[in-house]
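Trainee: Give me the fold of what follows.
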Amino acid sequence: MKRLSVLLNGLLPALLSILCISIVVYALCPRPELKTFTTYSSAWFDSHDRLLRISLAEDERYRIFEPLDQISSELIAATLLYEDQNYYDHLGVDLSALVRAFWATFILRERRIGASTITMQVARLRWNIPSNTIPGKIHQIARAIQLSRHYSKQEILEAYLNLAPYGRNIEGISAASLIYFNKKPSNLSLPEALTLAVIPQNPNKRNPTTSVGYQHLLQARKNLFLRWLENHPSDISKETFFTLPLNVRPPEDLPFLAPHFVNHIKQNMSRWEHGYINTTLDNIQQRSLEKGISQYVSSKAASGINNAAALLLNYETMEIKAMVGSADFYNDDLQGQVNGTIAKRSPGSTLKPFVYGLAIDEGLIHPMTLMKDSPKRFGGFSQRTMTNDSWGQFPQEMR
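Mentor: Coordinates of the predicted model:
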């Protein structure tokens, strides 16, 4: 008994010292950045909210930041149910879950259990921590405590949903929703929300773009739906929707529309601009103009014309509705990726539309007038007129 008393007297100062040091470290630990520490993708939409393209972040991943209030409430609830039911009840670390996991993993030698809370998963994703080792787990716990010190539950949950892996090179709920289901995360249906909720726990095994991963994904979603019904019994009426085939789009099938137009916008954006980019372009008019350019070039191939460019504006608002920079974006022989609509031209070529426009307004010429291709001089002004080949051959609707 005396020996125990001596031992306690010796340990007490040490424990108090550790406690004091821990309190000081907790109070003084710096606030880590949860958003700007990485880069993000951008998604361009036309004027009717149709997706034109999604870019890759600098690390070759699809990752689009999405505010928490723009994410489906069903997706949030399903994620919490599946990943961390006690999320709002603990301080970033669930001690009881850690004890159970340690006992099952290292004492009973059963299936490895991680017991990571959402806050701990954010820590792992933020600092790339190998949490499958004891030192890594301790590091993860310390970082989770640091995050809880500086961020609210809502902010940490927002970070998780923007960093979680959803298979392949897709990270964050916004990129996953747009790529797989072609919709923003605020518009997800219940089957889609539960589908995405189960992927981050095992994104390789539940990859929705492979046949094996698809089957594992459906089984995990089925199990989650049964748990979901315990809290939302009225949703039993939606059970039929869970029997329907799940249409998932792989990243390879993402649209790459209006390439010259999107590149033009992208070049005028700063490195730090990202997210949803809503444009004035109308993709239906864009496709119509592309078709017109293609048909015109094909019809004039015998005359040596193999390229053309056109820009369609709304003359009332001066908004760009369609932009075709070349006849074929992918044709290197005609430098198809060069945007002819913004290419620099000689001053003479710049003045011609105004000169001819004035002549048409004055009734001196009309669209089918043939002009002699020879130098003209008007006082101190001289220019070469536009030839029949460069004007008269254009279809009436493209002049």
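
Trainee: quick one: contacts for His366?
Mentor: Ile360 (C-beta atoms under 8 Å, 6 or more residues apart in numbering). Any C-beta I mention is one placed from the backbone N, CA and C, and that applies to glycine too.

Trainee: correct me, but Leu218 touches Leu246?
Mentor: Yes. Counting by C-beta atoms under 8 Å, Leu218 touches Leu246, with 7.0 Å between them.

Trainee: between those two, what contacts are shared?
Mentor: Common neighbours of Leu218 and Leu246, using C-beta under 8 Å, 6+ apart, do not exist here.

Trainee: Quick check: Gln154 touching Asp69?
Mentor: No. The criterion here is C-beta under 8 Å, and Gln154 misses it with Asp69 at 9.1 Å.

Trainee: ok so Gly357 is a helix residue?
Mentor: Yes. Under DSSP: H, G, I helix; E, B strand; the rest coil, Gly357 falls within a helix.

Trainee: per-domain residue ranges of the protein.
Mentor: 64-248, 344-399 (automatic domain parsing).

Trainee: Single out the most deeply packed of the ones you listed.
Mentor: Counting by mean count of other C-beta atoms under 10 Å, domain 64-248 has the highest mean neighbour count of the domains of the chain, with a mean of 18.

Trainee: That domain - what's its average pLDDT?
Mentor: Averaged across domain 64-248, pLDDT comes to 92.

Trainee: Now do the strands for this protein: every range, in order, please.
Mentor: 42-45, 51-54, 62-63, 170-171, 275-278, 310-314, 319-324, 375-378, 381-384 (DSSP state E).

Trainee: now those strands as TSV including distance to Glu239?
Mentor: Putting the strands of the chain into TSV (distance: least, C-beta to C-beta, whole Å) gives the following:
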stretch	distance to Glu239
strand 42-45	32
strand 51-54	30
strand 62-63	32
strand 170-171	28
strand 275-278	33
strand 310-314	47
strand 319-324	44
strand 375-378	79
strand 381-384	74
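
Trainee: most tightly surrounded among the ones you listed?
Mentor: Burial of the strands of the chain is given as mean neighbour count (mean count of other C-beta under 10 Å); strand 170-171 ranks first at a mean of 28.

Trainee: helices and strands around that strand, which ones?
Mentor: strand 62-63, helix 173-181 (3 or more C-beta pairs under 8 Å, 6 or more residues apart in numbering; DSSP states H and E).

Trainee: at 7 Å instead, please
Mentor: Packed against strand 170-171 by the contact rule (3 or more C-beta pairs under 7 Å, 6 or more residues apart in numbering; DSSP states H and E) you find strand 62-63.

Trainee: so what strands line up beside the strand it packs on?
Mentor: Paired with strand 62-63 in the same sheet, following DSSP bridges, are strand 170-171 (parallel).

Trainee: Which one of the domains of the chain lies nearest to Gly304?
Mentor: Minimum separation from Gly304 across the domains of the chain (C-beta to C-beta) falls at domain 344-399, 9.4 Å.

Trainee: Just confirm Pro130 contacts His139, I think it does.
Mentor: No. At 8.6 Å, Pro130 does not count as touching His139 under the criterion of C-beta atoms under 7 Å.

Trainee: okay, and the common contacts of those two?
Mentor: Residues touching both Pro130 and His139 by C-beta atoms under 7 Å, 6 or more residues apart in numbering: none at all.

Trainee: Which positions in stretch 252-259 come out as buried?
Mentor: Buried residues in stretch 252-259, defined by neighbour count with 16 or more other C-beta atoms under 10 Å: Leu254, Leu257, Ala258, Pro259.

Trainee: For my notes, please list those residues in a markdown table and give pLDDT for each entry.
Mentor: Formatted as a markdown table, these follow (pLDDT from 0 to 100):
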| residue | pLDDT |
| --- | --- |
| Leu254 | 98 |
| Leu257 | 98 |
| Ala258 | 98 |
| Pro259 | 98 |
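
Trainee: The residues you listed: which two are farthest apart?
Mentor: Leu254 and Ala258 (13.8 Å).

Trainee: Sitting in helices, which of the buried residues of stretch 252-259 do you find?
Mentor: Members of these lying in helices (criterion: DSSP state H): Pro259.

Trainee: want to throw the buried residues of stretch 252-259 into TSV with distance to Asn283?
Mentor: TSV is the format used below for these (distance: C-beta to C-beta, whole Å):
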residue	distance to Asn283
Leu254	14
Leu257	6
Ala258	7
Pro259	12
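
Trainee: okay but Asn162 is in contact with Phe65, surely?
Mentor: Yes. Counting by C-beta under 7 Å, Asn162 touches Phe65, with 5.4 Å between them.

Trainee: For Asn283, which non-adjacent residue is closest in space?
Mentor: Asp46 (4.5 Å; C-beta to C-beta, 6 or more residues apart in numbering).

Trainee: Quick check on that neighbour: phi, psi?
Mentor: Main-chain torsions, Asp46, degrees, to the nearest 10: phi -80, psi -170.

Trainee: ok, now how distant is it from Ser349?
Mentor: 30 Å (C-beta to C-beta, to the nearest Å).

Trainee: Between its first and last residues, how far does stretch 355-370 reach?
Mentor: End-to-end distance of stretch 355-370 (C-alpha to C-alpha, to the nearest Å): 15 Å.
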